[in-house]
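> Below are the sequence and a predicted model; questions follow.
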Amino acid sequence: MWDRLPLEADIEQVFNGLQDKAVEFARPWSGAELQLTEAEVQWFRDWFRNVHLRIGSSAWGKKRTMLGAILVVLGAEVCRRESREDSVWPKIGGLLPRSSALWSWMFYPANGQPTVDMTEGIADGVRALNLRNVIDQEGVQQWFSTIKLQFGFTLSGVRNRLPEWLAGYGRPHSVDYLIGQLGGADLESKTFLSLWKALIQYRRGDIDEEQALLVLRNSPWVLPDWGPLLLKKAREKIELGYGDRNGVSISGQSNDSSSEGFNPIVRVLLDWPPGKEPRLRFELDREGILQELETSDTNELTFHVDGRRICQWRLQSNGSWSGSQWLAAEQETQAKQPNLRPHTLTVCSGAGDILFSWDFADCGLSEDILVFNLDDSGLFQPEIRLHSNRNYALVCGKGCVLTGCEPIGRFQTASRVVFRLPSPLNENIALQFSDFVLWQPVRSPREPDPVYSVLLQTPPGRIYCLDDRTELHIDGLPHDASEVRLLLGQKTHDLVRHAGGSWRTTKSVSLTPDLAAK
């Protein structure tokens, strides 16, 4: 879209590209419909980081409108890829260093909230481009919801909540707007509705994988690498127990999930400098944490990981909070024995009262295999295709073996091992446990591996509780399979074929909390 523009392009040139698209659409539209490539998004980010504006100049009113529009479109692209479902400002704020004059124009330093001038610029910008928006609607989060309307849902939201959304529980308001369940006709998108219907139909088994993938490939609301993850999550059960056609647990209790949940973690990274131990670090959502605790009467917050005190925030006389926005998984004195499997984050008042606890499993750290992109230090989804010339690290169980290459770094704790992968990445690399291949880089879409919709479930007819023991049934395996084994955690189970083609474990399996959560 801006492939012929230099990074020194002025704001008018970049805005004109968006305005030309608005004229082409000739209707309310969303940023996702631009279908920007990864290269275009990266150019957009680099340009924004280096843009020069004279804030408050005689031409500022016009440029503020342009800047507001650009912030919505660029911010949406970043948030859909990197943000959690109920947060946008931390990622948008991360587009610039906090020391820049433009960042200070965008956000209040004390709490990271957008300034009045910025929100007014956003309002003018979305109107100038005829972007979908809920500006001036009473009773809604105008700015947050307007940005969410540009992309519908985040990758993080898909990973954590898609099965519930498709079953009708706790859907984001942005999705309800785009499928026509909320707001006026100007907010509805026919292409988004087609995508949503296809996911529901695939979940119910009304269409097959090929039909669903065709819709996903042609949808502007889904990034090219998201397809396999979307289909995997669309078929997942929500809970153990009796289920309806969509897999929703039916228990006698109301499952009101109207709240999208609070996540105090913005980003997870693996910090592994040369000659040192790899350590997990977490970027805290300062804005969200303070909003969550605004009714708490305390001037001090202490953060604990697995019961160990890690850091502290203090309320200052000017109303701001001092304290690091980054949290390690262990105390600095324990850096040589890093905690690579943290379980719980607890925030306490100065008096020691627990204000809230949060499970690290909610950001994917309970998975058996973690893939980190060391170039940007982010937790990467192993289902998504890796780039051969980037630097990655794998965190997995200590019984796992890396084959097909020699790792350029290795570190082991009592329960986990970390491999630093060589670059460029060889497609023959694989992570194995016993004779199971647990992970390998996803190949080019031109060479797809067979995909099976395998369902692991308890026997029908009763509801099981945690720590019960029962055989497990597996459906969806290849018809010509003659020998099948199941790997759960680091324990293997033999299977036997049932009449009708399904398989079951030969021995009972304990329904541990860890197994049930996955």
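Cool, the structure landed.
> mind checking how far Asp225 is from Arg217?
Separation of Asp225 from Arg217 (Cβ to Cβ, to the nearest Å): 11 Å. C-beta coordinates here come from the backbone N, C-alpha and C atoms, glycine included.
> so what's the closest residue to Phe433 other than its chain neighbours up against?
Excluding the flanking residues, the one nearest Phe433 by Cβ to Cβ, 6 or more residues apart in numbering is Cys400, at 5.1 Å. Residues in contact with Cys400 (Cβ atoms under 8 Å, 6 or more residues apart in numbering) are Ile369, Val417, Leu431, Gln432, Phe433, Leu438.
> for the stretch 101-250 of the chain, what spans make up the helices?
101-106, 116-129, 142-148, 155-166, 173-178, 190-204, 209-218, 227-234 (DSSP state H, counting those that start in this stretch).
> Check which residues of the last one are buried.
For helix 227-234, the buried set under the neighbour-count rule, 16 or more other Cβ atoms under 10 Å, comprises Gly227, Pro228, Leu229, Leu230, Leu231, Lys233, Ala234.
> ditto for the second one
Residues Met118, Thr119, Gly121, Ile122, Ala123, Asp124, Gly125, Val126, Ala128, Leu129 are the ones in helix 116-129 that count as buried (16+ other Cβ under 10 Å).
> Mind picking out the helix or strand in the chain with the poorest mean pLDDT?
In the chain, no helix or strand scores lower on mean pLDDT, DSSP states H and E than helix 513-517, which sits at a mean of 67.
> where does Ile92 sit relative to Leu131, distance-wise?
From Ile92 across to Leu131, the span is 15 Å (Cβ to Cβ).
> of these two, who's got more company?
Per other Cβ atoms under 10 Å, whichever of Ile92 and Leu131 has more neighbours is Leu131, with 26 against 22.
> burial of Ser57, as a residue count?
So Ser57, with other Cβ under 10 Å, has 9 neighbours.
> er, Gln137 I mean
If you count neighbours by other Cβ under 10 Å, Gln137 ends up with 14.
> Could you check the pLDDT of the nearest residue to it once chain neighbours are set aside?
Leaving aside its chain neighbours, Gln137 sits nearest to Gly183 (7.7 Å; criterion: Cβ to Cβ, 6+ apart). With respect to pLDDT, Gly183 scores 82.
> how about Gly183, phi and psi?
Here is the backbone geometry of Gly183 (degrees, to the nearest 10): phi 70, psi -170.
> so it touches Tyr177, yeah?
Yes - the criterion here is Cβ atoms under 8 Å, and Gly183 meets it with Tyr177 at 4.7 Å.
> okay, and the common contacts of the two?
Common neighbours of Gly183 and Tyr177, using Cβ under 8 Å, 6+ apart, are Val134.
> Between those two, which has more neighbouring residues?
A count of neighbours by other Cβ under 10 Å puts Tyr177 above the other of Gly183 and Tyr177, at 24 against 18.
> Around the residue lying closest to that one once chain neighbours are set aside, how many other residues sit close by?
Spatially, and ignoring its direct neighbours in sequence, Tyr177 is nearest to Leu187 (4.3 Å; Cβ to Cβ, 6+ apart). Neighbours of Leu187 under the rule other Cβ under 10 Å: 22.
> Contact partners for Glu188?
Tyr177, Leu178, Ile179, Gly180.
> which residues sit in contact with the last one?
Right, the one you point to is Gly180. Gly180 makes contact with Leu187, Glu188, Leu193 under the criterion Cβ under 8 Å, 6+ apart.
> With distance to Asn160 and pLDDT added, can I get those in CSV?
Converted to CSV, the contacts of Gly180 look like this (distance: Cβ to Cβ, whole Å; pLDDT from 0 to 100):
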residue, distance to Asn160, pLDDT
Leu187, 24, 93
Glu188, 25, 94
Leu193, 23, 94
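> ok, Trp43 - how many residues close by?
With neighbours defined by other Cβ under 10 Å, the count for Trp43 comes to 20.
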